[in-house]
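Participant: got a predicted structure here, sequence first:
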Amino acid sequence: MEIRTIEFPEHGDERGTLVAIEENRDIPFEVKRVYYMYDTTKGTTRGRHAHKELKQVLICVHGSCTIMLDDGSERVDVLLDRPNVGLYVDSVLWREMHSFSPDTVLMVLASEYYAEADYIRDYSDFLTYVEEVH
Ligand code: T46
């Protein structure tokens, strides 16, 4: 499986660092939604689903966490621990977020508005869907 990370330019000076992210430039889609998660309970795994259409970029803007991506034939763990690096998560990928540090803020830029109908929440349904679309 090809893992695509995006490194955003850091604008640093003696005051600190600033990162700017522009849709269709730094992010390969129009950003319709931004959400973020924090105060994640120790030992928690989030996600455990796939999306039919949604594309996202996950950025750990503080702390660290690991994103497991599964394309139906292979699983890869990706550590996110830099606030200027995003992980591109294409549609039709099972994802699980785990190993959150206590201070983690995981921000997500999404290509679509929230739509429950886009979720595949059952792993065997996901494998069936992968067969159908490939
Ligand atoms: C994904 C991973 C990376 C909303 O009301 N609006 C939203 O935009 C989102 C994302 C969630 N919610 C509500 C729905 C649930 O009641 O927030 C609650 C928690 O959402 P969920 O259990 O889906 O959170 P995660 O962390 O399991 O998954 C989320 C995204 O839902 C999902 O698209 O790819 O982060």
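Facilitator: That came through fine.
Participant: can you pull the residues of this protein lying near the ligand?
Facilitator: Counting by Cβ under 6 Å from any ligand atom, the chain comes close to the ligand at 33, 35, 37, 46-47, 56, 95, 97, 108, 114. Backbone N, C-alpha and C define where each C-beta goes, glycine included.
Participant: mind redoing it with 8 Å?
Facilitator: 33, 35, 37, 46-49, 51, 54, 56, 58, 67, 89, 95, 97, 106, 108, 110, 113-114, 119 (Cβ under 8 Å from any ligand atom).
Participant: tell me which of these fall in helices.
Facilitator: Among these, no residue falls in helices (DSSP state H).
Participant: among the residues you listed, name the buried ones.
Facilitator: 46, 49, 51, 54, 56, 58, 67, 89, 95, 97, 106, 108, 110 (16 or more other Cβ atoms under 10 Å).
Participant: what's opposite the second one in the beta bridge?
Facilitator: The residues paired with residue 49 through beta bridges, assigned by DSSP bridges, are residue 95.
Participant: can you pull the contacts of it?
Facilitator: Listed by Cβ atoms under 8 Å, 6 or more residues apart in numbering, the contact set of residue 49 reads 94-95, 119-121, 126.
Participant: cutoff 7 Å now
Facilitator: For residue 49, the contacting residues are 119-121, by Cβ atoms under 7 Å, 6 or more residues apart in numbering.
Participant: name the nearest residue to the residue nearest the centre of the chain, sequence neighbours excluded.
Facilitator: In the chain, the centroid-proximal residue (Cα atoms, centre = their mean) is residue 58; its distance is 3.2 Å. Excluding the flanking residues, the one nearest residue 58 by Cβ to Cβ, 6 or more residues apart in numbering is residue 87, at 4.6 Å.
Participant: with residue 103 instead?
Facilitator: Closest residue to residue 103 apart from its sequence neighbours, by Cβ to Cβ, 6+ apart: residue 63 at 4.2 Å.
Participant: and that neighbour, how far from the ligand?
Facilitator: Distance of residue 63 to the ligand, given as Cβ to the nearest ligand atom, to the nearest Å: 15 Å.
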